[in-house]
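Undergrad: with the input below, show me the fold.
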Amino acid sequence: MLARIVFGSLRHNRAKATLAILSTGLAAAVFSAVLLLNLDVRSKMEVELRAAGPNLFVSALPSSGSEILGATLPAEAAAAIGAALRAEPRVESWAAGVYGVARVEERPVVIAGFDLEALSRLAPYLGVPPAIPAARGEAEPIVVGVDVARALSLGPGSEIVVRGDGGARARFLVAAIVDSGGPEDRQLIAAPAPARALLGRRPGEASVVLARVSGGRGEVEEVARRIAAATPGVDARPIARISRAEGSLLDRLGLLLSTCAAAVILLAALSLAMAITASVVERAEELALFRALGAGDRTIVRTLGLELALVALAGAAIGLAAGSGFAGVLSRSLFGARLDFRFVAVPATLALALVLALLGALFGVRKALALDPARVLHGGAVR
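TA: You can find the predicted model right below:
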């Protein structure tokens, strides 16, 4: 019985019902589009920023007047830092490295010793191949910065001899050329063992430990504090260029999208409230007769509530379809990428539509319950 009354009322008041559905659909469309864009773009930006390399730097606390890279992490400290990083769920990848100055053909050059496979995961922008060619005889594989390669006329497959200040020497096979636009272009990057041997470092010692932590600057700072607390005598801090850019970009994007969505949703909510109130005024005689026939307040509330729930469902369905399509168009035109639909948008959009319907019902139901059947049925104005 109640369902027949509700559907009959919606058919009879088709214009007002359509306006209410469109108002709800507009809010749902904007909300779902913003939500999908925010989630998808944030995810894609995190992937892009992850390719920018490490955002956490750990080293030994330098003594007064010494350079950061001149303070060596003992093997025990480097192992403790590695254990602490492995225990952090936000740490995606990390690598311990040793730095120093060596010579190639009497030219001084910075040599870094890193696990090359770990470095390829940690800093994809370097272009270090994940599968490094095996050693050729005594020649260990090495990655050469593009500036060093040009100065020494080197290319993949070339062999070079590197000498350390202590007289140590090692033969290397050029596995790849790095062209990152950064300091790595002026460096040699070898495996840790031969680099330590050239620089006179003990096994397990490191100059720095670099890590990639998921999240913004706040999450990176929190991990840095825990690492510093777990391993006394080390300096752990975010690499500001990466972590600040990540947090700032994502926060600004979220703020911009959320502000636009809030403005449109507010306008849609006002439009919906006006449409519901106008519908109640237009149906005053119908509602007054309904009450005169014995319908109580709870029946009126249930009837209008069911109508608004149907309006919310229809508006949410239309809005979700339109919003996801609009978000997909924006994603392709602005970011050149296909939008990945997130199922969380379905319950979130439905919840928004129901909340808007509830807020609109507060105006309409109050006016409907305030109707005086005798006054309205005798031609009195609706207050």
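Undergrad: contacts for stretch 255-263, please.
TA: For stretch 255-263, contacts defined as C-beta atoms under 8 Å, 6 or more residues apart in numbering pick out 30, 31, 34, 35, 37, 38. All C-beta spots, glycine's among them, are computed from the backbone N, C-alpha and C.
Undergrad: redo those residues as CSV? Include pLDDT, neighbour count and secondary structure.
TA: Listed next are the contacts of stretch 255-263 as CSV, based on pLDDT from 0 to 100; neighbours: other C-beta atoms under 10 Å; DSSP: H, G, I helix; E, B strand; the rest coil:
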residue, pLDDT, neighbour count, secondary structure
30, 83, 24, helix
31, 84, 26, helix
34, 81, 25, helix
35, 82, 22, helix
37, 78, 22, helix
38, 76, 19, helix
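Undergrad: same list, those, but as TSV with distance to residue 322 please.
TA: Compiled in TSV, the contacts of stretch 255-263 are given as follows (distance: C-beta to C-beta, whole Å):
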residue	distance to residue 322
30	9
31	11
34	13
35	13
37	14
38	17
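Undergrad: wait, which of the residues you listed is closest to residue 157?
TA: For these, the closest approach to residue 157 (C-beta to C-beta) belongs to residue 37, at 46.5 Å.
Undergrad: contacting residues for that closest one?
TA: Contacts for residue 37 (C-beta under 8 Å, 6+ apart) come out as 257, 327, 330, 331, 339.
Undergrad: in space, what's closest to residue 326 - neighbours in sequence excluded?
TA: Spatial nearest neighbour of residue 326, excluding adjacent residues (C-beta to C-beta, 6 or more residues apart in numbering): residue 33 at 4.8 Å.
Undergrad: nope, residue 237 is what I meant
TA: The shortest distance from residue 237 to any non-neighbouring residue, by C-beta to C-beta, 6+ apart, is to residue 224 (5.4 Å).
Undergrad: buried residues of the helix or strand that contains the one you found, list them for me.
TA: Using DSSP states H and E, residue 224 sits within helix 217-230. By neighbour count on 16 or more other C-beta atoms under 10 Å, the buried set for helix 217-230 is 217, 219, 220, 221, 223, 224, 227, 228, 230.
Undergrad: who does the next helix-or-strand element following that helix pair up with?
TA: Later in the chain than helix 217-230, the nearest helix or strand by DSSP H and E is strand 234-238. According to DSSP bridges, strand 234-238 forms sheet pairs with strand 56-60 (antiparallel).
Undergrad: okay, buried residues for the strand it pairs with please.
TA: 56, 57, 58, 59, 60.
Undergrad: not counting residues beside it along the chain, what's closest to the second one?
TA: Setting aside the residues directly before and after it, residue 57 is nearest to residue 239 in space (C-beta to C-beta, 6+ apart), at 5.3 Å.
Undergrad: on the three-state scheme, residue 351 is what?
TA: Under DSSP: H, G, I helix; E, B strand; the rest coil, residue 351 falls in the helix class.
Undergrad: any idea how many residues pack against it?
TA: Close neighbours of residue 351, defined as other C-beta atoms under 10 Å, add up to 13.
Undergrad: and the gap between it and residue 266?
TA: 17 Å (C-beta to C-beta, to the nearest Å).
Undergrad: residue 55 now?
TA: For residue 55 relative to residue 266 (C-beta to C-beta), the value is 37 Å.
Undergrad: right, and the residue nearest to residue 57 touches residue 122 too?
TA: No: if you go by C-beta atoms under 8 Å, residue 239 and residue 122 don't touch, sitting 11.8 Å apart.
Undergrad: which one's more surrounded, the two?
TA: When residue 239 and residue 122 are compared for neighbours, residue 122 comes out ahead with 22 against 17, by other C-beta under 10 Å.
Undergrad: report the beta-bridge partners for the residue lying closest to that one once chain neighbours are set aside.
TA: Nearest residue to residue 122, sequence neighbours excluded (C-beta to C-beta, 6+ apart): residue 93, at 4.6 Å. Under DSSP bridges, the beta-bridge partners of residue 93 are residue 212.
Undergrad: residues in contact with residue 93?
TA: Per C-beta under 8 Å, 6+ apart, neighbours of residue 93: 118, 121, 122, 211, 212.
Undergrad: so which strand or helix has the residue lying closest to the first one once chain neighbours are set aside?
TA: Spatial nearest neighbour of residue 118, excluding adjacent residues (C-beta to C-beta, 6+ apart): residue 95 at 4.1 Å. Here residue 95 sits within strand 91-104, counting by DSSP H and E.
Undergrad: which elements pack onto the helix or strand that that strand is followed by?
TA: Remark: after strand 91-104, the chain's next helix or strand is strand 107-113, criterion DSSP H and E. Packing partners of strand 107-113 (3 or more C-beta pairs under 8 Å, 6 or more residues apart in numbering; DSSP states H and E): strand 91-104, helix 146-152, strand 187-190, helix 192-199.
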